[in-house]
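Chemist: Just a sequence and a predicted model for now, questions to come.
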Protein chains: 2
Amino acid sequence: MKKINLYEANGFNDLGLSKFLVHDSPYFKILSFNFRAGQQLPIHSHDSEGQLSILIIEGEGEFLAQDKTMPAKVGDILVCEISVPHGIRATTDMRVMVTIAPPF
Amino acid sequence: MKKINLYEANGFNDLGLSKFLVHDSPYFKILSFNFRAGQQLPIHSHDSEGQLSILIIEGEGEFLAQDKTMPAKVGDILVCEISVPHGIRATTDMRVMVTIAPPF
């Protein structure tokens, strides 16, 4: 049993998204990503089985999919296959939490 | 690929915690739990393999463990084995997101 505060554990980096590994196990991997306004995790996919969730904790931006973008605001959660192209772009400073199951 | 807003999808219930199933798949189960101040998910455990995470999205309370309590505030995430007794109690109105991998 462990407790981590995402706000205290991960800051921001003016040079690129700030990534913090919250947890990694055979069951799931949990990551904190913080973006300055304008930063992004470009659209990408992984050739592995499983799903991921992206929760917006703070700020605003857009979820990126292959043929569209979707507004992303606090409380929004995106769930998709790991193998389906996905990404995220911040329009304000933004904190998100990503969970990947199973980890790859 | 699906997007849900936790604030819009789940409200509060004065009679007990309000539970909303965000996602269920062979990989993970994602749940939204909203508590009025004073409501709780009593300490419990499940005899199955896997882990869960509990993220505090809004409000304050306490994580419950077998022999202690730990303060729970926005951005706190607790990770533990499904088989280890855990619970949560709200001291203000509180929103949390729970991820269980694999689902049981």
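Modeler: Perfect, thanks for sending it.

Chemist: From now on I want contacts and neighbour counts done on CA atoms only, so please keep to that.
Modeler: Fine.

Chemist: can you pull out the helices in chain A?
Modeler: Here chain A has its helices, by DSSP state H, at A:6-9.

Chemist: near chain B, which residues of it show up?
Modeler: Counting by CA under 8 Å from any CA of the partner chain, the residues of chain A close to chain B are A:1-7, A:23, A:27-28, A:50-51, A:57, A:74-81, A:101-102.

Chemist: Is it possible to mark the buried ones in those residues?
Modeler: A:3, A:5-6, A:27-28, A:50-51, A:57, A:74-81, A:101-102 (16 or more other CA atoms under 10 Å in any protein chain shown).

Chemist: So which of the residues of chain A next to chain B sit within strands?
Modeler: Judged by DSSP state E, the subset of the residues of chain A next to chain B located in strands is A:2-5, A:23, A:51, A:57, A:76-81, A:101.

Chemist: I'd like these laid out as a markdown table, including distance to B:Thr92.
Modeler: Shown next, in a markdown table, are those (distance: CA to CA, whole Å):
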| residue | distance to B:Thr92 |
| --- | --- |
| A:Lys2 | 23 |
| A:Lys3 | 20 |
| A:Ile4 | 20 |
| A:Asn5 | 18 |
| A:His23 | 27 |
| A:Gln51 | 33 |
| A:Ile57 | 19 |
| A:Asp76 | 22 |
| A:Ile77 | 23 |
| A:Leu78 | 27 |
| A:Val79 | 29 |
| A:Cys80 | 32 |
| A:Glu81 | 35 |
| A:Ala101 | 31 |
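
Chemist: what would the residues you listed look like in TSV with distance to B:Gln40 and pLDDT?
Modeler: Formatted as TSV, those follow (distance: CA to CA, whole Å; pLDDT from 0 to 100):
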residue	distance to B:Gln40	pLDDT
A:Lys2	20	96
A:Lys3	19	97
A:Ile4	21	98
A:Asn5	21	98
A:His23	25	98
A:Gln51	29	98
A:Ile57	23	97
A:Asp76	24	98
A:Ile77	24	98
A:Leu78	27	98
A:Val79	27	98
A:Cys80	30	97
A:Glu81	33	97
A:Ala101	27	98
